[in-house]
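In: just to be clear, the model below is a prediction. Sequence and coordinates:
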Amino acid sequence: MTEKYKILGKFIKDMSSETPDLETFLFVRDRISKYQLNIDINSKPLKNKIIEINTNLKFEDKEVSKKKSFFEITFSTIIKIADEIKEKKDLEKIILCDVQIQIYPDLEKIFLDLLQNSGYPGIKIEKKIDFEKLYNKNFN
């Protein structure tokens, strides 16, 4: 528990792994190192200072190709904001930075398990996401 917010719950809202056929699987298996991880974060207020934060990870090939696999997860985190948090900037930092730092290790493990269980073992996400740095770059 931090003094600014408390996580009330977290869960997988949606998870998808799509590889349409064997030919695509074999093609993707040889190219999976070219796939890139994208992250998108959005939130919606519920009531009584409770917010639902959805962190969406997509692992996809940016090159044009008919043979592609799709991997995506939406992870929801429900938080309660402390009464003293009034400023929009403080709220943005909690949603986009603080909560993400706290949940990301679990989310990354779930996502890597999805990739492994989809037939792509040994995948690692080399580039770690620095939420503090991203937040500061976009909001300062």
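Out: Yes, it's here.
In: tell me which residue of the protein is furthest from the middle?
Out: The centre of the chain is farthest from one residue, residue 23, which by C-alpha atoms, centre = their mean lies 28.5 Å away.
In: so what's the closest residue to that residue other than its chain neighbours up against?
Out: Distances taken as C-beta to C-beta, 6 or more residues apart in numbering place residue 67 nearest to residue 23, at 6.7 Å, with adjacent residues excluded. Any C-beta I mention is one placed from the backbone N, CA and C, and that applies to glycine too. For residue 67, the contact set (C-beta atoms under 8 Å, 6 or more residues apart in numbering) comprises 23-24, 27-28.
In: out of those, which is nearest to residue 131?
Out: residue 28 (28.7 Å; C-beta to C-beta).
In: that closest one and residue 34: what is the separation?
Out: Computed as C-beta to C-beta, to the nearest Å, the residue 28 to residue 34 distance reads 10 Å.
In: ok so, going back, of the contacts of residue 67, which is the most crowded?
Out: Ranked by the number of neighbours (other C-beta atoms under 10 Å), the contacts of residue 67 place residue 28 first, at 22 neighbours.
In: pLDDT value on it, please?
Out: Listed pLDDT for residue 28 reads 94.
In: equivalent analysis for residue 1, please.
Out: Residue 1 is assigned 39 on the pLDDT scale.
In: surely residue 11 touches residue 76?
Out: Yes: using C-beta atoms under 8 Å, residue 11 is in contact with residue 76, at 5.6 Å.
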